[in-house]
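**Q** Pasting the sequence and the predicted model now:
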Amino acid sequence: MVSPLLALTPVVQSAIAAALGEQFREADPVLRASQFADVQVNAALALSKKVGLPPREVATKIVTALEAMPATGDMCETLEVSGPGFVNVTYKSDWLASLVDDIAADDRVGVVTQQREVIPIDYSSPNVAKEMHVGHLRTTIVGDSLARTLEHLGHHVVRQNHVGDWGTPFGMLIEHLLEVGEGSAEAGLLVSDPNAFYQGARVKFDAAEQAEPTGSAGDFNVRARSRVVALQAGDPDTMRLWNELVDLSKAYFNKVYSMLGVTLTDDDLAGESMYNDDLRGICDELESSGLAVMSDGALCVFLDGYTGREGKPVPLIIRKSDGGYGYATTDLATIRYRVAKLGANRALYVIGATQALHLNMVWDTARKAGWLPESVTPVHVQIGNVLGENRKILKTRSGASLRLVALLDEAVAKAEAVIDEARPELDADTRSAIAWQVGIGAVKFADLSVAHSSEYVFDLDRMVSLTGNTGPYLQYVVARVRSIFRSVGLDPLSQHSPVVLGEPQERALATALLRFGDVVAEVGATYEPHRLAHYLFELAQSFSAFYEFCPVLKAELDSVKESRLTLCALVLRVMITGLDLLGIEAPERM
Ligand code: ARG
């Protein structure tokens with residue numbers, strides 16, 4: 001399976017070598033889609049300095065060399081120099097049509113399976129007994145899309161939901177659970193409103209800290225502290241209560257995951273507690289190899305290049321002065337485990353951008369310790385903030401932290417209002433089923449259409465709109481294509497007729513369809529799902545332009561009708577597959 005770009009790239013490379021000399025054979029030909037041509041070669045600008053010729057002259061030499069190559073004759077209709085030194089290429093219609101025939105016959109619609117790699121992806125990773133916040137929403141959506149995409153490309157993805165399920169707060173949480181009673185309504189808050197439970201524990205703890213100590217072991221803060229000790233010692237009763245907390249939280253996470261249609265299951269849980277037994281060994285190894293040293297009572301790793309104010313070295317603290325291990329130690333354990341036990345070729349951490357320093361220090365330490373060989377690439381997929389209308393981190397109006405479930409409910413309610421207005425003739429059940437897919441799809445698409453490291457303003461009204469660069473618009477295009485096939489009683493999956501490309505809108509649509517495989521591969525290489533989101537929007541626009549200009553069912557010639565139906569079927573298949581890689585459902589009708 002070759003896309004036009006994949007086919008053209010080596011030809012342009014040879015032409016550059018022929019025109020400018022063999023030393024330029026490896027030059028990046030920079031092929032881009034352009035509104036003025038099927039594709040544009042943008043290499044001349046970069047090369048002009050190296051060869052000491054004006055860019056347009058370089059472009060002319062490339063065109064002359066291309067024209068002399070037999071392969072060009074099969075693929076290209078016209079080649080011309082344009083602008084400051086671009087080469088505009090128009091493909092031969094027959095050639096394009098034959099490539100479209102190929103992807104129509106391919107059940108992966110042009111997505112090439114890659115050499116299998118093992119890729120653990122750390123994403124979502126919320127905290128036990130805490131509300132998932134919008135930051136968690138984003139890592140969940142982006143991470144899930146990357147997991148789906150890399151899997152589709154043929155890789156072995158290992159989902160790692162690194163939940164925060166360990167640490168000192170568990171002392172107070174367990175004591176609070178005991179006081180409110182297991183099975184009580186208050187304990188049920190862990191599933192419905194975890195922050196309320198957490199706050200309940202916190203308030204008691206803080207009050208006890210401020211009160212005069214009675215000297216008795218019955219003070220809440222005293223009990224909470226000894227609980228932590230019992231937890232670390234693996235006391236069976238304490239472990240049972242801890243498990244209870246984790247289970248209730250799992251029920252909450254799973255509720256959010258199922259609302260969102262996220263692929264994470266309990267089997268993907270790989271929380272902080274999983275690494276408890278590794279932490280001491282990690283510290284010992286680093287200390288005996290001399291990588292870690294004691295500083296102010298804490299065991300620290302000092303690395304070159306990490307300095308704070310006034311050039312003071314920043315330590316990675318791996319054992320605190322009270323003997324406790326922290327976030328850094330656990331993350332050393334994660335990278336060591338993912339490399340040694342999971343056999344990772346690449347390891348993705350889909351985590352807030354603010355944790356970049358932490359991750360880099362952890363990875364540098366792991367490299368020095370020999371746990372992270374050069375052959376393994378760790379990747380921080382940085383997640384940017386979600387902002388409210390005031391451009392501050394999204395909170396409720398009262399400033400309280402936002403309940404994710406409430407936010408998703410609101411998205412579905414807004415979508416329901418939009419669907420009720422647009423499709424009053426559908427029955428209420430159908431409308432609410434559609435509203436569910438549209439509301440959740442809207443939130444996910446809005447998130448995935450922005451670069452994952454950029455911040456964006458959470459604006460539900462814009463997200464659920466049926467027009468513009470939105471999830472609902474793409475879902476609507478899918479439903480429209482489905483209705484074409486429904487109206488004539490045809491199955492789009494068995495629609496494979498030879499494609500003929502006459503009108504410019506047909507050529508543009510064909511070119512867009514043929515990019516799908518390259519775009520999916522690009523997402524897998526750059527970890528940027530917004531490229532796919534953007535592509536699907538462009539495809540939807542190409543389809544709309546085609547559908548407006550080129551009659552499908554009323555085409556004059558039967559062969560043209562069949563060809564156009566085949567293009568429609570391909571749009572459907574690419575859209576459904578593409579949306580699925582983003583984790584977005586495509587309604588049957590809308
Ligand atoms: N639980 C952390 C948080 O809520 C995120 C953990 C991310 N994963 C990791 N390996 N550090 O911020």
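**A** Looks like it arrived, so ask away. Residues are numbered from 1 along each chain as shown.
**Q** Show me where this protein has its strands.
**A** Counting by DSSP state E, the chain has strands at residues 31-34, 37-41, 76-82, 86-91, 118-122, 156-160, 292-295, 298-307, 313-319, 346-352, 377-383, 386-387, 456-457.
**Q** Which strands or helices does the worst-scoring helix or strand of the chain on mean pLDDT pack on?
**A** In the chain, no helix or strand scores lower on mean pLDDT, DSSP states H and E than strand 31-34, which sits at a mean of 81. Other helices and strands packing on strand 31-34, by 3 or more C-beta pairs under 8 Å, 6 or more residues apart in numbering; DSSP states H and E, are helix 4-20, strand 37-41. Heads up, the C-betas are built off the backbone N, CA and C, glycines and all.
**Q** need the contact list for the closest residue to the ligand within the stretch 301-450 of the chain.
**A** Ranked by C-beta to the nearest ligand atom, the top residue of the stretch 301-450 of the chain for proximity to the ligand is Ile351, at 4.6 Å. Contacts for Ile351 (C-beta atoms under 8 Å, 6 or more residues apart in numbering) come out as Asp122, Ser125, Thr139, Leu359, His380, Val381, Gln382, Ile383.
**Q** Close to the ligand as well: tell me which of those residues qualify.
**A** Filtering those for neighbours of the ligand using C-beta under 6 Å from any ligand atom leaves Asp122, Ser125.
**Q** Now flag whichever of the contacts of Ile351 is closest to Arg338.
**A** Asp122 (8.2 Å; C-beta to C-beta).
**Q** Quick one: name the residues of the stretch 201-350 of the chain near the ligand.
**A** By the rule C-beta under 6 Å from any ligand atom, the part of the stretch 201-350 of the chain lying against the ligand is Asp331, Thr334, Tyr349.
**Q** the helices in the stretch 351-500 of the chain, which residues?
**A** 356-369, 404-422, 428-448, 460-463, 471-488 (DSSP state H, counting those that start in this stretch).
**Q** Return the list of helices and strands in contact with the longest one.
**A** So that's helix 428-448. helix 134-152, helix 236-260, helix 404-422, helix 460-463, helix 471-488, helix 529-549, helix 558-582.
**Q** List the buried residues of the last one.
**A** Spelled out, it's helix 558-582. Buried residues in helix 558-582, defined by neighbour count with 16 or more other C-beta atoms under 10 Å: 560-579, 581-582.
**Q** what's the angle from that helix to helix 134-152?
**A** 130 degrees (axes from the mean of the first three to the mean of the last three C-alpha atoms, to 10 degrees).
**Q** average pLDDT across helix 558-582?
**A** On average, the pLDDT along helix 558-582 is 98.
**Q** so how far is it from its chain's centroid?
**A** Put simply, helix 558-582 sits 25 Å off its chain's centre (C-alpha atoms, centre = their mean, to the nearest Å).
**Q** Could you do the third one as well?
**A** In terms of C-alpha atoms, centre = their mean, the centre of helix 404-422 is set 23 Å apart from its chain centre.
**Q** Would it count as contacting the ligand?
**A** No: if you take C-beta under 6 Å from any ligand atom as the test, helix 404-422 misses the ligand, and the best it gets is 12.9 Å.
**Q** residues of that helix that come out buried?
**A** For helix 404-422, by 16+ other C-beta under 10 Å, it's Leu404, Val405, Leu407, Leu408, Ala411, Val412, Lys414, Ala415, Glu416, Val418, Ile419.
**Q** Tell me which other helices or strands that helix touches.
**A** helix 134-152, helix 236-260, helix 428-448, helix 460-463.
**Q** angle of it against helix 471-488?
**A** 50 degrees.
**Q** Hey, what's the angle from helix 404-422 to helix 428-448? Just curious.
**A** 120 degrees.
**Q** Extract the CA atoms of helix 404-422 and return them as CSV.
**A** Output of helix 404-422 as CSV, limited to C-alpha atoms (Å, rounded to 0.1, in the frame of the first residue of the first chain):
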residue,chain,number,x,y,z
LEU,A,404,-15.9,15.6,36.1
VAL,A,405,-19.0,13.5,36.0
ALA,A,406,-21.1,16.7,36.4
LEU,A,407,-19.2,18.3,33.6
LEU,A,408,-19.8,15.3,31.2
ASP,A,409,-23.5,15.3,32.2
GLU,A,410,-23.7,18.9,31.2
ALA,A,411,-22.1,18.2,27.9
VAL,A,412,-24.6,15.5,27.2
ALA,A,413,-27.5,17.8,28.2
LYS,A,414,-26.3,20.5,25.9
ALA,A,415,-26.0,18.0,23.1
GLU,A,416,-29.5,16.8,23.8
ALA,A,417,-30.8,20.4,23.4
VAL,A,418,-29.0,20.7,20.1
ILE,A,419,-30.3,17.3,18.8
ASP,A,420,-33.9,18.0,20.1
GLU,A,421,-33.9,21.2,18.1
ALA,A,422,-32.2,19.8,14.9
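**Q** can you tell me the average pLDDT over that helix?
**A** 94.
**Q** ok now do His452, which residues does it touch?
**A** Arg138, Val142, Val350, Val381, Gln382, Ile383, Gly384, Tyr527, Glu528, Pro529, His530.
**Q** mind redoing it with 6 Å?
**A** Counting by C-beta atoms under 6 Å, 6 or more residues apart in numbering, His452 touches Val142, Ile383.
**Q** Show the model's pLDDT score for it.
**A** Note for His452: predicted pLDDT of 97.
**Q** can you check Ser401 too?
**A** pLDDT, Ser401: 68.
**Q** Please name the residues that touch Gly578.
**A** Leu532, Leu536.
**Q** again, only using 7 Å
**A** Phe516, Leu532, Leu536 (C-beta atoms under 7 Å, 6 or more residues apart in numbering).
**Q** out of those residues, which are buried?
**A** If we count by 16+ other C-beta under 10 Å, the contacts of Gly578 have these buried: Phe516, Leu532, Leu536.
**Q** which residue packs closest to Asn127, ignoring adjacent ones?
**A** Gly164 (3.6 Å; C-beta to C-beta, 6 or more residues apart in numbering).
**Q** Could you give the number of residues near that neighbour?
**A** For Gly164, the neighbour count with other C-beta atoms under 10 Å is 18.
**Q** Likewise for Glu22?
**A** 9.
**Q** same thing with Leu474?
**A** 24.
**Q** per-residue pLDDT, it?
**A** 98.
**Q** what's the distance between it and Gly441?
**A** The spacing between Leu474 and Gly441, counted by C-beta to C-beta, to the nearest Å, is 8 Å.
**Q** now the buried residues of helix 404-422 as TSV including distance to Ser453?
**A** Formatted as TSV, the buried residues of helix 404-422 follow (distance: C-beta to C-beta, whole Å):
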residue	distance to Ser453
Leu404	21
Val405	26
Leu407	22
Leu408	23
Ala411	23
Val412	28
Lys414	27
Ala415	28
Glu416	32
Val418	30
Ile419	33
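**Q** So which of the residues you listed is the closest to Asp206?
**A** Closest to Asp206, out of all of the buried residues of helix 404-422 and judged by C-beta to C-beta, is Leu404, at 25.3 Å.
**Q** any idea how far the nearest residue to the closest one once chain neighbours are set aside lies from the ligand?
**A** The shortest distance from Leu404 to any non-neighbouring residue, by C-beta to C-beta, 6+ apart, is to Met132 (4.8 Å). For Met132, the distance to the ligand (C-beta to the nearest ligand atom, to the nearest Å) stands at 9 Å.
**Q** Does Met132 touch Arg138 like I think?
**A** No: applying C-beta atoms under 7 Å as the test, Met132 and Arg138 come out as separate, 10.4 Å apart.
**Q** Quick one: residues contacting Leu448.
**A** Per C-beta under 7 Å, 6+ apart, neighbours of Leu448: Ile141, Val142, Ser145, Pro529, His530, Ala533, Leu582.
**Q** does the fifth one really touch Ser449, like I thought?
**A** Think His530. Yes: contact criterion C-beta under 7 Å: His530 and Ser449 qualify, at 5.6 Å.
**Q** These two: which is more packed in?
**A** A direct count of neighbours by other C-beta under 10 Å for His530 and Ser449 places Ser449 higher, at 22 against 19.
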